[in-house]
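Participant: below: sequence and its predicted model.
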Amino acid sequence: MQAVNATQATTQEETTTRIVVSLEFVAVLALILLALLLRVADLDIVPMTEAEAVQALPAYHFVHPEAPGDPLPASSPIVFWLQAISFTLFGGGELAARLPGVIGGVLLVVVPLLFRENIGRNGALWLSLLFALLPLPFAASRFADPAIWTVILALALVWAVSRYWDTADPT
C-alpha cells in the first residue's frame, strides 16, 4: 500500500518536503477509529456475564495469586495471556478483562486488508466496514470471547497459505 509518499521539490533557494496521503489510507484510518470508538464506548458499564467471568478468573488469579477462591483452568490460552497482560497493566476490572476482545475486534477490521490483492481495494474496504458494523463481530469483540481471536487467526492462516501458494516455486 502506497499510503504515504514523501516527495522532494527542489528550488534554487530552498528544499521543501510534500507529504501525499492516499484516500485509501484515510478510509482505513477512519474505519479503525470507528471500530475502536464503537467497541470502547461504555465498555465497563455492563457487568461481566458468567461466561466472561469464567474466562477472566484464571488470568486474574495468575496476576493476583492472593485473590480468594480456587484458580480455574483457562479455556483459551490466547485470551488467558492477553487478559493477564491487561490485568497487569490496567488492574482487575471489567474494562481490563474486555480490552483484549476490543483489540481483537479492531484487528478483525484490519484483516481484510491483507486480501487486497485477491478481492481488490474496494472489496477489502467493504469487508472491513462490514466487520466494523455487523452485530456478531461487534458483540463478540465487546465481551471476553475467544471466538474473535479464532476468526482472526483463521483468516490469517488463509492469508498465509494463499501467500505461500502465490510465491511457491513450482519446481
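Facilitator: Happy to help now that I have it.

Participant: tell me the secondary structure for residue 18?
Facilitator: The three-state label given to residue 18 by DSSP: H, G, I helix; E, B strand; the rest coil is strand.

Participant: that one: how many residues sit nearby?
Facilitator: As a burial measure, residue 18 scores 9 neighbours (other CB atoms under 10 Å). Every C-beta, even on glycine, is put in place using the N, C-alpha and C of the backbone.

Participant: for residue 58, same thing?
Facilitator: The number of residues packed near residue 58 is 19, by other CB under 10 Å.

Participant: likewise for the one 10 residues further on?
Facilitator: Applying other CB under 10 Å, we find 6 residues neighbouring residue 68.

Participant: distance of it from residue 60?
Facilitator: Residue 68 sits 11 Å away from residue 60, going by CB to CB, to the nearest Å.

Participant: repeat that for residue 161.
Facilitator: Distance of residue 161 to residue 60, given as CB to CB: 36 Å.

Participant: what's the pLDDT at the residue nearest the centre of the chain?
Facilitator: Among the residues of the chain, the one closest to the centroid is residue 107, at 2.1 Å (CA atoms, centre = their mean). At residue 107, the pLDDT value in this model is 96.

Participant: from what I see, it and residue 153 are in contact.
Facilitator: No - the criterion here is CB atoms under 8 Å, and residue 107 misses it with residue 153 at 10.2 Å.

Participant: hey, what's in contact with both of these two?
Facilitator: With contacts taken as CB atoms under 8 Å, 6 or more residues apart in numbering, residue 107 and residue 153 have no neighbour in common.

Participant: SS state for residue 46?
Facilitator: Using three-state DSSP, the structure places residue 46 in coil.

Participant: follow-up on the earlier one: what's the next secondary structure element after the helix or strand where the residue nearest to the centre of the chain lies?
Facilitator: Using DSSP states H and E, residue 107 maps to helix 94-110. Next helix or strand after helix 94-110 toward the C-terminus (DSSP H and E): helix 116-133.

Participant: which helices and strands does that following helix pack with?
Facilitator: helix 23-40, helix 94-110 (3 or more CB pairs under 8 Å, 6 or more residues apart in numbering; DSSP states H and E).

Participant: can you name every helix or strand that the longest one contacts?
Facilitator: Using 3+ CB pairs under 8 Å, 6+ apart as the contact test, the elements touching helix 23-40 are helix 94-110, helix 116-133, helix 135-142.

Participant: done for today, thanks.
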